[in-house]
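Undergrad: from the sequence below, what's the structure:
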Amino acid sequence: MNDEKINIASSLWGLIKSLRYSFFNIIIFEILYNIVTILIFKPIINFLISFFLTISGKSIILNNDIFGFIFSPPGLMMSLILLIIGIFIIYYEFAVFTGLLLAGYQKKKVSIFYGL
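TA: Numbers count the residues shown, from 1 in each chain. Alright, predicted model coming up:
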């Protein structure tokens, strides 16, 4: 085992320098990614919820019915699909964010549209 101690202050300073170098790209990506996510995934999610409500024979769902709907076969299928979509959205954002931080740490120039 290596007995070297990690210098937390220098690691933190390196993170701050890489964040400072790539901050503009991260902010631009986050703004554009949120806009694209809202424009693309919100209608898809709304359609899926309406579709699975229709399959279950309900046009609306009240607070008392949410638990029963979620644990019905259409509700479970809808929950699984929405979970997969949510994981994809979060994973992609985290991967691009990590890539932008790495590019900043290596002082590489990347396009503003790097992750899109």
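Undergrad: CA atoms for contacts and neighbours, from now on please.
TA: OK.
Undergrad: for Y114, helix, strand, or coil?
TA: Secondary structure assignment for Y114 (DSSP: H, G, I helix; E, B strand; the rest coil): coil.
Undergrad: what's the longest helix in this structure?
TA: Longest helix in the chain, counting residues (DSSP state H): helix 8-55.
Undergrad: pLDDT averaged over it - what is it?
TA: Helix 8-55 carries an average pLDDT of 86.
Undergrad: that helix: what's the following helix or strand?
TA: Next in sequence after helix 8-55, counting helices and strands by DSSP states H and E, comes helix 66-70.
Undergrad: got the contact list for that following helix?
TA: Identification of contacts with helix 66-70 by CA atoms under 8 Å, 6 or more residues apart in numbering yields 56, 75-76, 79.
Undergrad: repeat for stretch 87-99
TA: Applying CA under 8 Å, 6+ apart, the set of residues contacting stretch 87-99 from outside is 26, 33, 37, 114-115.
Undergrad: of the residues you listed - the most surrounded one?
TA: The residue in the contacts of stretch 87-99 with the most neighbours, by other CA atoms under 10 Å, is I26 (22 neighbours).
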